[in-house]
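[1] Provide a 3D model corresponding to the input given below.
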Amino acid sequence: MAEEAWFLIVNPQAGGGKGLKKKASIIAALQHAGLSHFVYETKCPGDASTSVEEAVSKGYRRFVVAGGDGTLNEVANGILNQKYVPSDQLLLAQIPVGTGNDWRRSWNIPNSIEGSVALLKNPKSAKQDVASITFQANGKEEKLWFMNVAGCGFDAEVTLSANAAKAKGKSGFFTYIGQLVKTLASYQEPEVQFRVDNQTHSAHLFSLLAGICKYAGNAMKLVPQANPSDGLFHLTIASKISRLKVILNLPRLFSGSFTQLKEVKSLTCTEIEIQTSGLPIQADGESIGHTPAIFVVHPLKLHIVIAP
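    Numbers count the residues shown, from 1 in each chain. Predicted coordinates:
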């Protein structure tokens, strides 16, 4: 029956083509585990989200993503946007075959096919928060959901560069670091007006990150205090920091200890408004548009498979 089967969404382009290369191994692992499944291979951006809505209409209630954080985000958007059943009645899992695979780190999801497939048998599950972003793109207002980390400023500029490199077939950890260094050389901190809940701020902003989960940018612990089930954004806000200090503290991005720098603030809230126009925004590792934008937390709307 569709309700008990896993609807497997494979992004063949994930991880620079790893999705396609590992498709047969993923299907074999599902078969070996005795898990009923239907395979859907995405064809273009946005296809994963549309396929979810169609699958729910046909009775599917369990979804597993063979892809990275971008594909996972698309599927989550499909789950949250469909109108057939409450979103938390649908179960979402990941077999990580992307470039960064950052979301899975906050939930200790194995990075192997065998390990992640094993979680699908008698799955342990939890509910996590998500967030909506209302932003500007293509001359109009748009709205998307995210489930990991989003932000504007330096990280969004790096994401733009990294995505452009990915489009040319260059991806992975060292590509990301290369784009980070390249962006740092030319980045100028804009003066940004923004609101955190009811408190207004103005700063020469290096970066503003809103975390549901902790990790982004290929294993960087950019929002170390984030808790995906506490109903809050955890913010990492950096301002007036020199390029040299950023370079010297790059290793601390992976431990999360960079948040101890005097130029970095950590806050919690449920809503953020970026009022300054024209700043690029990234969500779950994908460039989506630009400010002005409003970020809002929606507690416990996503039902996910986690490690025991």
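[2] Flag every buried residue along the helix or strand containing residue 294.
    Residue 294 is located in strand 286-306, with elements delineated by DSSP states H and E. By neighbour count on 16 or more other C-beta atoms under 10 Å, the buried set for strand 286-306 is 286-298, 300-306. C-beta: built from backbone N, CA, C; applies to glycine.
[3] just the CA coordinates of stretch 252-260, formatted as CSV?
    The C-alpha trace of stretch 252-260 is given here as CSV (Å, rounded to 0.1, in the frame of the first residue of the first chain):
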residue,chain,number,x,y,z
ARG,A,252,36.9,28.3,14.5
LEU,A,253,34.0,28.2,12.0
PHE,A,254,34.0,24.4,12.3
SER,A,255,34.1,24.3,16.1
GLY,A,256,31.6,27.1,16.6
SER,A,257,33.9,28.9,18.9
PHE,A,258,34.1,31.9,16.5
THR,A,259,30.9,33.1,18.2
GLN,A,260,33.1,34.1,21.2
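[4] Let me see the mean pLDDT of it.
    Averaging pLDDT along stretch 252-260 gives 96.
[5] just checking, what packs against the strand holding residue 294?
    helix 69-81, strand 91-96, strand 124-137, strand 140-146, strand 149-153, helix 154-167, strand 271-274, strand 280-283 (3 or more C-beta pairs under 8 Å, 6 or more residues apart in numbering; DSSP states H and E).
[6] so what strands line up beside the fifth one?
    If I follow you right, that is strand 149-153. Here strand 149-153 has these sheet partners by DSSP bridges: strand 199-211 (antiparallel), strand 280-283 (antiparallel).
[7] That strand to strand 286-306, inter-axis angle?
    Here strand 149-153 runs at an angle of 160 degrees relative to strand 286-306 (axes from the mean of the first three to the mean of the last three C-alpha atoms, to 10 degrees).
[8] Alpha carbons only: can I get strand 149-153 in CSV?
    Extracted C-alpha coordinates of strand 149-153, given in CSV (Å, rounded to 0.1, in the frame of the first residue of the first chain):
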residue,chain,number,x,y,z
VAL,A,149,20.1,27.7,8.1
ALA,A,150,19.3,30.9,6.1
GLY,A,151,20.9,34.3,6.0
CYS,A,152,22.1,37.4,4.2
GLY,A,153,25.5,39.1,4.0
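[9] quick one, domains of the protein?
    Segmentation of the chain into domains, based on automatic domain parsing, reads 6-122, 131-299.
[10] State the mean pLDDT of the first one.
    What that stands for is domain 6-122. Mean predicted lDDT for domain 6-122 stands at 95.
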